[in-house]
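Trainee: turn this into a structure:
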Amino acid sequence: MKKLFQMFRRIDAVSNNGGEIYIRCGGMFGKQACSSLQDMGVKVNAFLDNKYAEIQEINGIPVLSPDVAFEKKENDKFIVIAVDDDKIYNDIVDEYLRNGLKKGLDFGDYSAKACERMQDFMDIYHDKDIKTKFEEIAVKRLQEMKEIDSSFATELPNVYNLIPNLDVVLTTYCSLSCECCSHCIPYANPPKHYESKNIIKSLDKLLEVSYVACIGIMGGEPFVYPKLAEFFREYKKMKNLNNIGFTRVITNGTVVPSDDFFIEYKDVSNAYVYISNYGKKSNKLSEIVEKCAEYGIKTYICPETEDWLHLGAVNYKRNYTAEEIKHLYAVCESHSCVQLINGRVYACGRVPILNEYNIIPFSKEDYCDVDRNDENLKQELHKYLFEKDYLNGCYYCDGQHMFSRRIKRGL
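Mentor: Model (predicted):
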């Protein structure tokens, strides 16, 4: 969807600067693309089709030789590839690339597959409300714990505020500095450790008005947090502990914590250590696994082959329309990864650091304040989680969805 939006913006830019817009192939998808562009007020200069000598024009628009794509022109041109056959589409793309045309700049994708994905995107957005999606994700999370511990019960309670994933940030210190970190930890400058007792207070208050299927204790790197054992000592005493499905500590496999952590954590019910596997960077992975085994703590090692999704640069504001940003927020996978940091709940893992450190314009609309003094937290949290259309911070992100660019873990 994002790529289609970007393509239409590029077409608009080329058209407004006196460039020419061509549609490659004059079949059903070509006519559909032409109609869409005309509805946007864009002039289509010509169709490019192998049958140009036979067809000559479609609805008053000339049909030219496909070789026009390679002609040098003073003004920009943009070619919309609109076909219903994947092989033909791929052949056209390969030919364009061999001849120096640049995808996204000189040509774009309006193929059958792109339209199908666009329809899937629209169906997801319109047919499922956020609460339904949260319930589906929560069930998956509980099943994941069942696979780690076969004795784990996977019943999902019927609650007013259901959170599938809650990442609890202890620290913004990290032993790595991944440029493409989805939580933007490298932007936390200077890094800080959050006070253990304040985190527990905020978390227990949040659990009083919600149920969390999966709590992830993280950073930064949680194993560099100096009060980790103290945190779990108090964690086990929370009065609303039963409103947690299971707990996991998320580590990058570069630091082995002190024995005090293992002593406290081994008694946390329904818990394990999740190790992100960054290959050679995770040089303490085996030591962590061995130490966990020594204390009877379960572990899960994320496959090194599992990709990250690139969410784009943070240093500029996207020119999303109101409808685009609502669509992107509705299907964003980060949306279900709620984060608790500094007494604030964010419906995103990326915006908090950018907001907390003023990397992007700070917005009170982007979070729900847990450390509030009134009695309206339950209702305000519900409104924030299930009724919000988007975060202001979304304008500084490409979103995390089916169209996101995949990259190697730990970059």
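Trainee: domains of the protein: list them as residue ranges, please.
Mentor: Following automatic domain parsing, one finds the domains of the chain at 2-124, 128-407.
Trainee: any idea which helix or strand comes after the longest helix belonging to the chain?
Mentor: Criterion DSSP state H: the longest helix present in the chain is helix 130-148. Scanning forward in sequence from helix 130-148 by DSSP states H and E, the next helix or strand is strand 162-169.
Trainee: by contact count, what packs against that following strand?
Mentor: Applying 3 or more C-beta pairs under 8 Å, 6 or more residues apart in numbering; DSSP states H and E, one finds that strand 162-169 contacts helix 130-148, helix 196-208, strand 211-218, strand 337-341. In this view, the C-beta of every residue, glycine as well, is placed from N, C-alpha and C.
Trainee: torsion angles phi and psi at the closest residue to Leu206 other than its chain neighbours?
Mentor: Distances taken as C-beta to C-beta, 6 or more residues apart in numbering put Val370 closest to Leu206, at 5.2 Å, once the chain neighbours are dropped. Recorded main-chain torsions at Val370 are phi -80, psi -40, according to degrees, to the nearest 10.
Trainee: and for Val370, the neighbour number?
Mentor: For Val370, the count of nearby residues is 21 (other C-beta atoms under 10 Å).
Trainee: now do Tyr89
Mentor: 22.
Trainee: wait, it touches Val83, no?
Mentor: Yes. If you go by C-beta atoms under 8 Å, Tyr89 and Val83 touch, sitting 5.0 Å apart.
Trainee: circling back to that earlier point, show me what counts as buried in the longest helix of the chain.
Mentor: Ile130, Lys133, Phe134, Glu135, Ile137, Ala138, Arg141, Leu142, Glu144, Met145, Ile148 (16 or more other C-beta atoms under 10 Å).
Trainee: hmm, who's touching that helix?
Mentor: 152, 154-156, 162-165, 213-214, 245-246, 270, 272, 298, 300, 330, 335-336, 385-386 (C-beta atoms under 8 Å, 6 or more residues apart in numbering).
Trainee: could you measure from the spatially closest residue to Phe231 that is not a sequence neighbour over to Glu264?
Mentor: Nearest non-adjacent residue to Phe231, counting by C-beta to C-beta, 6+ apart: Ser196, 4.6 Å away. Between Ser196 and Glu264 the distance, using C-beta to C-beta, to the nearest Å, works out to 12 Å.
Trainee: ditto for Arg248
Mentor: From Arg248 to Glu264 the distance is 15 Å (C-beta to C-beta).
Trainee: the two: which is more packed in?
Mentor: Legend: neighbour count by other C-beta under 10 Å for Arg248 and Glu264, higher for Arg248 (25 against 19).
Trainee: just the element for the nearest residue to that one once chain neighbours are set aside, please.
Mentor: Using C-beta to C-beta, 6+ apart and skipping the chain neighbours, the partner closest in space to Arg248 is Tyr274 (4.5 Å). Using DSSP H and E, Tyr274 sits in strand 271-275.
Trainee: what packs against whatever helix or strand comes next after that strand?
Mentor: Remark: after strand 271-275, the chain's next helix or strand is helix 285-294, criterion DSSP H and E. If contacts are counted by 3+ C-beta pairs under 8 Å, 6+ apart, helix 285-294 sits against helix 259-265, strand 271-275, strand 298-301.
Trainee: save the ones you listed as CSV, and put in mean pLDDT and distance to Glu287 too.
Mentor: Shown next, in CSV, are these (pLDDT from 0 to 100; distance: least, C-beta to C-beta, whole Å):
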stretch, mean pLDDT, distance to Glu287
helix 259-265, 98, 12
strand 271-275, 97, 11
strand 298-301, 96, 12
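Trainee: Val42 and Arg10 touch, don't they?
Mentor: No. Counting by C-beta under 8 Å, Val42 sits too far from Arg10 to count as a contact (11.1 Å).
Trainee: thinking again about what came up before, list the strands paired with the strand holding Tyr274, with their directions.
Mentor: strand 244-251 (parallel), strand 298-301 (parallel) (DSSP bridges).
Trainee: how far is that strand from where the chain is centred?
Mentor: Mean-position distance between strand 271-275 and its chain equals 22 Å (C-alpha atoms, centre = their mean, to the nearest Å).
Trainee: run through who's touching that strand.
Mentor: 145, 148-149, 216, 246-253, 265, 282, 285, 288-289, 292, 297-302.
Trainee: alpha carbons only: can I get stretch 277-288 in PDB?
Mentor: Output in PDB follows, covering the C-alpha atoms of stretch 277-288 (Å, rounded to 0.1, in the frame of the first residue of the first chain):
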ATOM      1  CA  ASN A 277      20.200 -13.900  17.700                       C
ATOM      2  CA  TYR A 278      22.500 -11.500  15.800                       C
ATOM      3  CA  GLY A 279      25.000 -14.100  14.900                       C
ATOM      4  CA  LYS A 280      28.600 -13.100  15.800                       C
ATOM      5  CA  LYS A 281      27.400 -10.000  17.600                       C
ATOM      6  CA  SER A 282      25.500 -12.200  20.100                       C
ATOM      7  CA  ASN A 283      28.800 -13.600  21.500                       C
ATOM      8  CA  LYS A 284      27.400 -14.500  24.900                       C
ATOM      9  CA  LEU A 285      24.400 -16.400  23.600                       C
ATOM     10  CA  SER A 286      25.600 -19.900  24.600                       C
ATOM     11  CA  GLU A 287      26.700 -18.700  28.100                       C
ATOM     12  CA  ILE A 288      23.300 -17.200  28.700                       C
END
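Trainee: and for that stretch, what are the contacting residues?
Mentor: Contacts of stretch 277-288 (C-beta under 8 Å, 6+ apart): 176, 251-256, 273, 275-276, 299, 301-304, 409-410.
Trainee: my read is that Met218 contacts Leu166, right?
Mentor: No. Met218 is beyond contact range of Leu166, at 10.3 Å (criterion: C-beta under 8 Å).
Trainee: between these two, which is the more surrounded one?
Mentor: Ranked by neighbour count (other C-beta under 10 Å), Met218 and Leu166 place Met218 first, with 26 against 21.
Trainee: can you pull the buried residues of stretch 373-389?
Mentor: Quick answer for stretch 373-389 (16+ other C-beta under 10 Å): Leu377, Glu380, Leu381, His382, Tyr384, Leu385.
Trainee: any low-confidence regions in the stretch 301-411 of the chain?
Mentor: When residues are selected by pLDDT under 70, those of the stretch 301-411 of the chain lie in 402-405.
Trainee: strands of that one, start to end?
Mentor: 308-310, 337-341, 344-346, 367-369, 405-407 (DSSP state E, counting those that start in this stretch).
Trainee: cool, thanks, signing off.
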